[in-house]
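S.K.: pasting the sequence and the predicted model now:
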Amino acid sequence: MPSLIPGYEYDIFISYRQKDNKGDGWVSEFVEALKTELESTFKEEISVYFDINPHDGLLETHDVDESLKEKLKCLVFIPIISRTYCDPKSFAWEHEFKAFVEQASHDQFGLKVKLPNGNVASRVLPVQIYDLDNNDTELCESIIGGVLRGIEFIYKSAGVNRPLRAKEDHPQDNVNNTYYRDQINKVANAVKEIITATKSAGQKEKEAGAKSRTEQSVLKQNHKTRNIIVASVILILVLLGFLVIPKLLKPTDEKVKSIAVLPFFNDSPDEENEYFINGIMDEVLNNLQAIKDLSVVSRTSVEQYRGKDKPSIPEIARKLNVNYIVEGSGQKYGNTFRLRVQLIDGNKDKHLWAESYEREILETRDIFQIQTTIAEAIASELEAAITPEEKQQIGKAPAASLDAYDAYLRALFFYERDGNEGEDTQKAIKEFQASISLDSTFALPWTYLSMCYWRLAATTISPEFIEAKRTAQKALELDPNSGVALVNIAELLDNEFDFAGADEKIKQALKIDPENQYVLRNAGRFFTKLGKIDESISYCKQALQTNPNNRTVLGYLIDALFYAGQLEAAMDTYIKYEELAYSRLQIYYKILLEQGNFNRIINEPVIEESGYFHDVFLAGAHLALGQTDEGEEIISRLIDENAPSYWIAFAYAYGNNPEKVNEWLEKSFDKRENDELTYIGVEPAFKKYRNEPAVRKILQEMNFPE
């Protein structure tokens, strides 16, 4: 079957070493999976050249015959890059890889094509199945004339570096966090982008050819006119030479447009103006996140780099896995503010763009215009495509009142800081309420006010929870298309045991804002409670892709792995969590209990910040070892200290006293300790008690999904 574009033999040419298809037939399986994916990606039939028995060695008598040259006339060349493929003595390397690059570089489209969004892509689409040595990487890059940037099918764990399989035994152990099915989809999507670009270029060339033929007919009729036109064309070509050729000679930066916006530094003499500088940084970050062509790290992940005492720019870029860093500093004097922002190449520590702004604040648009200008300038510098919808979104002022917006920024500062044993939350509530009183149609303060009340609520029957739900519903009324507002109300619904309602809101949020890290991480958290293992792990890992060190997401991923029974992966992730100077002893002790490391819990020194949790798990460990007296003594202490009933039932669960488990779970349900109870359906500690009458009754009254 011929290519979609006349003059080409195939749409796709698959090049590989025969060594890489022996054994489990990895390449053959990949080709079949890709063909299936292409059928659901393209309306047209896509032709793929794949030789099941390719030459695997190059002899002195070998040459690329005319039939192979014809077959290499393809739109997309996919080399399966392995450690054996990178061999200048191999047939695939010399007569397929190098031959295609040479041939494509001189055909009508060239080796690189411009995509509809303005980015540039190579017609060589590497599929990499091993991490390469530096020498092999440099060898590949010397042929393609740029960075080796393909789609990876690599499984890596301790001491392991091999091709990713379609059906992995332990996918959670893959440190690359990639899934075979997702990678196949990425290849098909990349193929579609390249072929769409070549078809578009071919159509333009065809139209240009038709126009040229018409002009030739006219020229034959009028020799004088021809001379004038020829002279004009020459003049135009000369002008184009001055204007276009320098741009063609300029190397294309094809690096992923991944960005971290570091906390802006407050240069104001008044420390209280920090809230204002933080607010500017937040809006710049939000505006950049609204541009889909950019990959922007969340606020939570960059907060660790606040202040001037932080690592070097290249080190921060490496830790956050980004190519670009945005830094800023600002001053505020009364109603005037000064701001300096700079964009830095994170790998080279090289300044790409910088600008200073000074503005008197008379109304809210004075602030938003600057924030919009900054985002657009950064996007322009990185040649990121901005859709009209995105441009409208980043230019939209969230509040009409300057005073309302100022109060919101103050509130957000206290909400994010969240210290002083609840004092900051109370201050945040006061400022959010002030913002709402000044502009009741401003949706964001309503959402965050709900989160503040939910933070303070002990149970679902407390006044704080009731107020959290009221304000959440108001926020959703004002902005029904807010993924954050939808997720916020979903959390409240699942704590009321309205799992169906929460599921509806979560799915709605995923549809509206599928790349929002807050939406993804909370979807993962919700599906963990329901025991939907694949969904919970997948959404948490998606949320981590642009924010690999995000504290909250890592915590939710540990939960997802733990409740999926993947204890080793959960502990490995927790170790990474601790390496980032985070601590969450509750899940740490849970993992140890399920692993049977009871003596470790008993013998490890008490960590001060563990609170009553250490006693809960210490009691469980003693009971699991049959040390009933020691366990009962610790539980008596927990009861005297008014520890939550749920955790007393949890400790008893590791002994052999179902009556006590039932008794304390019923007390927990009566008190509506719902945040903990929503995990009862998946909590391994209660697994052997789920057929107990009291536990079954609680699950039924919770409407817990079967």
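M.R.: Noted; the coordinates are in hand. Numbering: from 1, shown residues only.
S.K.: neighbours around G596, how many?
M.R.: 12 (other Cβ atoms under 10 Å). C-betas here are computed from N, CA, C, even on glycine.
S.K.: which non-adjacent residue is nearest it?
M.R.: Nearest non-adjacent residue to G596, counting by Cβ to Cβ, 6 or more residues apart in numbering: A624, 7.8 Å away.
S.K.: pretty sure the one you found contacts Y652?
M.R.: No: using Cβ atoms under 8 Å, A624 is not in contact with Y652; the gap is 11.2 Å.
S.K.: which one's more surrounded, these two?
M.R.: Ranked by neighbour count (other Cβ under 10 Å), A624 and Y652 place Y652 first, with 26 against 17.
S.K.: can you pull the contacts of the more buried one?
M.R.: L623, I635, K660, V661, W664 (Cβ atoms under 8 Å, 6 or more residues apart in numbering).
S.K.: which strands or helices does the helix or strand harbouring the first one pack on?
M.R.: Yep, that's L623 we're talking about. For L623, the element it lies in under DSSP states H and E is helix 612-624. For helix 612-624, the packing partners by 3 or more Cβ pairs under 8 Å, 6 or more residues apart in numbering; DSSP states H and E come out as helix 585-595, helix 598-603, helix 628-640, helix 645-652.
S.K.: got a pLDDT number for the residue nearest to G596?
M.R.: At A624, the pLDDT value in this model is 95.
S.K.: outline the domain layout of the protein.
M.R.: As given by automatic domain parsing, the domain ranges for the chain are 10-199, 222-254, 258-397, 583-706.
S.K.: same list (those domains) but as JSON lines, adding distance to T528.
M.R.: Shown next, in JSON lines, are the domains of the chain (distance: least, Cβ to Cβ, whole Å):
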{"stretch": "domain 10-199", "distance to T528": "14"}
{"stretch": "domain 222-254", "distance to T528": "37"}
{"stretch": "domain 258-397", "distance to T528": "19"}
{"stretch": "domain 583-706", "distance to T528": "7"}
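S.K.: returning to what we had before: need the winner for burial among the helices and strands packed on helix 612-624.
M.R.: helix 645-652 (a mean of 24; mean count of other Cβ atoms under 10 Å).
S.K.: determine how far that one lies from the middle of the whole chain.
M.R.: Centre-to-centre, helix 645-652 and its host chain are 36 Å apart (Cα atoms, centre = their mean, to the nearest Å).
S.K.: right, and the helix or strand after that helix?
M.R.: Following helix 645-652 toward the C-terminus (DSSP H and E): helix 658-671.
S.K.: so that following helix versus helix 645-652, what angle?
M.R.: Put simply, helix 658-671 runs at 170 degrees to helix 645-652, going by axes from the mean of the first three to the mean of the last three Cα atoms, to 10 degrees.
S.K.: any idea of the angle helix 658-671 forms with helix 628-640?
M.R.: 10 degrees.
S.K.: list the buried ones in helix 658-671?
M.R.: The neighbour-count check on helix 658-671 (16 or more other Cβ atoms under 10 Å) flags P658, K660, V661, N662, E663, W664, L665, E666, S668, F669, K671 as buried.
S.K.: reformat the residues you listed as TSV; add distance to V297.
M.R.: Formatted as TSV, the buried residues of helix 658-671 follow (distance: Cβ to Cβ, whole Å):
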residue	distance to V297
P658	48
K660	47
V661	44
N662	47
E663	47
W664	43
L665	41
E666	45
S668	38
F669	41
K671	40
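S.K.: which one of those sits closest to D418?
M.R.: K671 (25.2 Å; Cβ to Cβ).
S.K.: start to end distance for stretch 382-392?
M.R.: With Cα to Cα, to the nearest Å as the measure, stretch 382-392 spans 20 Å from end to end.
S.K.: same check, this time on stretch 417-431
M.R.: End-to-end distance (Cα to Cα), stretch 417-431: 14 Å.
S.K.: in it, what's buried?
M.R.: R417, D424, T425, K427, A428, I429, E431.
S.K.: who are the packing partners of the helix or strand where N488 lies?
M.R.: Element membership of N488 [criterion: DSSP H and E] is helix 483-495. Under the contact definition 3+ Cβ pairs under 8 Å, 6+ apart, helix 483-495 sits against helix 443-456, helix 463-478, helix 499-512, helix 517-529.
S.K.: export it to PDB, keeping only CA atoms.
M.R.: The C-alpha coordinates for helix 483-495 follow below in PDB (Å, rounded to 0.1, in the frame of the first residue of the first chain):
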ATOM      1  CA  GLY A 483     -11.500  22.000  38.300                       C
ATOM      2  CA  VAL A 484     -10.300  23.000  41.700                       C
ATOM      3  CA  ALA A 485     -13.700  23.900  42.900                       C
ATOM      4  CA  LEU A 486     -15.100  20.600  41.600                       C
ATOM      5  CA  VAL A 487     -12.400  18.600  43.300                       C
ATOM      6  CA  ASN A 488     -12.900  20.500  46.600                       C
ATOM      7  CA  ILE A 489     -16.600  19.700  46.700                       C
ATOM      8  CA  ALA A 490     -15.900  16.100  45.700                       C
ATOM      9  CA  GLU A 491     -13.700  15.700  48.800                       C
ATOM     10  CA  LEU A 492     -16.500  17.000  51.000                       C
ATOM     11  CA  LEU A 493     -19.000  14.600  49.400                       C
ATOM     12  CA  ASP A 494     -16.900  11.500  49.800                       C
ATOM     13  CA  ASN A 495     -16.500  12.400  53.500                       C
END
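S.K.: thinking again about what came up before, can you redo the helices and strands packed on helix 612-624 as CSV with mean pLDDT and distance to L492?
M.R.: Shown next, in CSV, are the helices and strands packed on helix 612-624 (pLDDT from 0 to 100; distance: least, Cβ to Cβ, whole Å):
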stretch, mean pLDDT, distance to L492
helix 585-595, 93, 22
helix 598-603, 93, 34
helix 628-640, 95, 28
helix 645-652, 96, 19
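S.K.: is the nearest residue to K156 once chain neighbours are set aside in a helix, a strand, or coil?
M.R.: Leaving aside its chain neighbours, K156 sits nearest to V175 (5.0 Å; criterion: Cβ to Cβ, 6+ apart). Here V175 is recorded as coil under DSSP: H, G, I helix; E, B strand; the rest coil.
S.K.: neighbours of N119, how many?
M.R.: With other Cβ under 10 Å as criterion, N119 counts 17.
S.K.: to clarify, my last question referred to K43.
M.R.: Neighbour tally, K43, other Cβ under 10 Å: 5.
S.K.: what does the one 10 residues further on give?
M.R.: Other residues lying near N53 total 7 when counted by other Cβ under 10 Å.
S.K.: shouldn't it be in contact with Q18?
M.R.: Yes: N53 is within contact range of Q18, at 7.2 Å (criterion: Cβ under 8 Å).
S.K.: which stretches of the stretch 451-600 of the chain have low pLDDT?
M.R.: Residue ranges of the stretch 451-600 of the chain with pLDDT under 70: 546.
S.K.: same list (the contacts of Y652) but as a markdown table, adding distance to N481.
M.R.: Converted to a markdown table, these look like this (distance: Cβ to Cβ, whole Å):
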| residue | distance to N481 |
| --- | --- |
| L623 | 50 |
| I635 | 49 |
| K660 | 48 |
| V661 | 44 |
| W664 | 43 |
